[in-house]
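1. Everything below, folded, please.
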Amino acid sequence: MIPYLLVGIGGALGAMARFGFGGAVGNAPNGFPLATFLINVIGSLAMGLLVGILARTTPVYQNEIRLFIAVGVFGGFTTFSSFSLDAMTMVERGDVLLAGLYVLGSVVLGLVALWAGMSVVRVLP
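-> Take a look at the predicted model:
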């Protein structure tokens, strides 16, 4: 029961943060889903930092922290289903090049951000 509450509460917080951020940033004038793009990159960086910290410290409540933050908060914040929907919408409206740039940019920068977050934690004393 507790794991579901941790994920559920974290997910609600992440979803609210995503909604607020998305409303504040919005889309670029050309229709590029800038908010989702930035959310995926920021979420990947944050996940890299969290994973690095949890790997280095192994706190007593590591599983609960992982469930609440990684699965709940970040899962609610960085839903990749929005990413897929945005890309498909661009393809369907004929913006194939823009969709390709969006997919490639999101994946590459997300991986780089995750690596950067983990690398930052690895060099800390």
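2. Now do the helices in this protein.
-> For the chain, the helices defined by DSSP state H cover 2-25, 34-57, 62-65, 74-77, 80-92, 96-123.
3. Flag every buried residue along the fifth one.
-> In other words, helix 80-92. Ser82, Phe83, Asp86, Ala87, Met90 (16 or more other CB atoms under 10 Å). C-beta here means a position set from N, CA and C on the backbone, and glycine is covered the same way.
4. And for the longest one?
-> Residues of helix 96-123 classed as buried by neighbour count (16+ other CB under 10 Å): Leu98, Ala99, Tyr102, Val103, Ser106, Leu109, Gly110, Ala113, Leu114, Gly117, Met118, Val121.
5. Quick one: list the elements packing against it.
-> helix 34-57, helix 80-92 (3 or more CB pairs under 8 Å, 6 or more residues apart in numbering; DSSP states H and E).
6. picking that back up, save the helices of the chain as JSON lines, and put in mean pLDDT too.
-> JSON lines is the format used below for those (pLDDT from 0 to 100):
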{"stretch": "helix 2-25", "mean pLDDT": "97"}
{"stretch": "helix 34-57", "mean pLDDT": "92"}
{"stretch": "helix 62-65", "mean pLDDT": "94"}
{"stretch": "helix 74-77", "mean pLDDT": "94"}
{"stretch": "helix 80-92", "mean pLDDT": "91"}
{"stretch": "helix 96-123", "mean pLDDT": "97"}
